[in-house]
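S.K.: Following is a predicted model, sequence given first.
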Amino acid sequence: MNKKIIILIVSAFAMLGCDNFLDIVPDNVATIDYAFRMKATAEKYLATCYSYLPDLGNPERNPAIFGADEFCLSNHYSYIFSFNIAKGEQNPNNPLVDYWGGYNQGKPLWEGISQCNIFLENIMNVPDMMEEEKRRWASEVKFLKAYYHFYLLRAYGPIPIIRENLPISASGEAVRLYRRPVDEVFDYIIELIDESLSNLSETVRDEHTELGRITLPIALSAKAKILVYAASPLFNGNNDYQGFKNQDGEDFFNSEYDPEKWQKAVDACRTAITVAHSLGQELYEFEGSHLTKNISDETRLKLSFRGVVTERWNPEIIWANTNSTTRYLQEWCAPRALDASQMSYTGSNGSFGVTLKIAELFYSKNGVPINEDAQWDYGNRFGLRVGTENEKYYIKQDLVWCRKIRRRGFLLDRI
């Protein structure tokens, strides 16, 4: 028999014996099962869930820094989308600092919620982890899922609720998720946080690797903050949105004021404070050293205010988002080190500054607005005067400068 015919016959029988020979996954192709086959890979997926936390310390990514008129910015920073919001350039076609779709310096928080759902669906299947550790990680991710819903709610008002991921085979009608009333969204967020509380650690287990991970004080503090939002006039009895309804005719905003929401917020705040104190967290106070033992009470108070944000891992910090950085804010607020011709986008360049309007909102040292303080010369606030001996630590004595504003020990130079 012809050898070619024999080869064809053998091959045919071999194919009949392997009817699923095409139903294979190529080597080196990652799958969800692969991500949760051991603790090491599951921990990487946990890091992915954390990676969507907003970078709130970065002025490019936080519209609360440059999105209004608290700061002014040099014109050559036109690429900073949050500042373009303040200039009136926000638009629905290509939103700036878009945390819905993740464009223009925003992060795709809906994608982050989806990743959290995948983690929660699979974490209990990891073979080389203790049950207690699985539950703790799941609780951290439940909190993250709640926080991402809250961030979207705060930014966009009524939003859909994503309890679980839809299967890829879901019908067209099933994937059409509609926005829900804000009270329902708040309830779901608090429900998720409450589910996480029983399995969260009071403190991180290893400060070298876990600082920034979600703990019980973080979850309780966030719950308190969220309930204060829910009780505030923004969402509690807001009549400005009467007639704003969903597809089922439900009001997105409840126009009836509910005082019980404030009681829930008060109780949550009390619980968060009590737990934080029991774990050694407290308001930061500047302790000083032999170099600062003779400083005034006013200077000590200012150093306490400064140390709250400059002293790493001080006892007042409850949640330090390790995804967030204030590097650019610090560099660009610092006085310019080079002349304008040598200016760069890195290093100290003095490009950020507080507006005069915001400076005038600071209270006087008597605790009232400067235009209401009878002891403060409001009418002559832009006049020049000479620095005195008592002010030598702020400005050179006998130097002519603009009048000052004091508030709780702060001194702002009017330049």
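M.R.: Thanks, I have it.
S.K.: I'd assumed residue 119 was in contact with residue 165.
M.R.: No: using C-beta atoms under 8 Å, residue 165 is not in contact with residue 119; the gap is 10.7 Å. C-beta: built from backbone N, CA, C; applies to glycine.
S.K.: Tabulate the CA atom coordinates of stretch 128-140 in PDB.
M.R.: What follows is stretch 128-140, C-alpha atoms only, in PDB (Å, rounded to 0.1, in the frame of the first residue of the first chain):
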ATOM      1  CA  ASP A 128      -2.700  28.200  49.600                       C
ATOM      2  CA  MET A 129      -4.400  30.900  51.800                       C
ATOM      3  CA  MET A 130      -6.000  30.600  55.200                       C
ATOM      4  CA  GLU A 131      -9.700  31.400  55.300                       C
ATOM      5  CA  GLU A 132      -9.200  34.300  57.600                       C
ATOM      6  CA  GLU A 133      -6.800  35.900  55.200                       C
ATOM      7  CA  LYS A 134      -9.200  35.400  52.300                       C
ATOM      8  CA  ARG A 135     -12.000  37.100  54.200                       C
ATOM      9  CA  ARG A 136      -9.700  40.000  55.100                       C
ATOM     10  CA  TRP A 137      -8.700  40.600  51.500                       C
ATOM     11  CA  ALA A 138     -12.300  40.200  50.400                       C
ATOM     12  CA  SER A 139     -13.400  42.800  52.900                       C
ATOM     13  CA  GLU A 140     -10.700  45.300  51.700                       C
END
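S.K.: List the buried residues in that stretch.
M.R.: Residues 129, 134-140 are the ones in stretch 128-140 that count as buried (16 or more other C-beta atoms under 10 Å).
S.K.: what's the answer for stretch 295-307, then?
M.R.: Applying 16+ other C-beta under 10 Å to stretch 295-307 flags 299, 301-304 as buried.
S.K.: Next, work out how far apart residue 299 and residue 328 are.
M.R.: 28 Å (C-beta to C-beta, to the nearest Å).
S.K.: Ignore what I typed, I meant residue 289.
M.R.: Taking C-beta to C-beta, one finds residue 289 at 30 Å from residue 328.
S.K.: who's more crowded, the two?
M.R.: With neighbours defined as other C-beta atoms under 10 Å, residue 289 and residue 328 compare such that residue 328 has more, 19 against 7.
S.K.: Name the residues that touch the helix or strand hosting the more buried one?
M.R.: Assessed by DSSP states H and E, residue 328 sits inside helix 327-333. With C-beta atoms under 8 Å, 6 or more residues apart in numbering as the test, helix 327-333 has contacts from 57-60, 65, 346-353.
S.K.: coming back round to it: pick out the most distant pair among the buried residues of stretch 295-307.
M.R.: Put simply, by C-beta to C-beta the two of the buried residues of stretch 295-307 set farthest apart are 299 and 304, 9.8 Å from each other.
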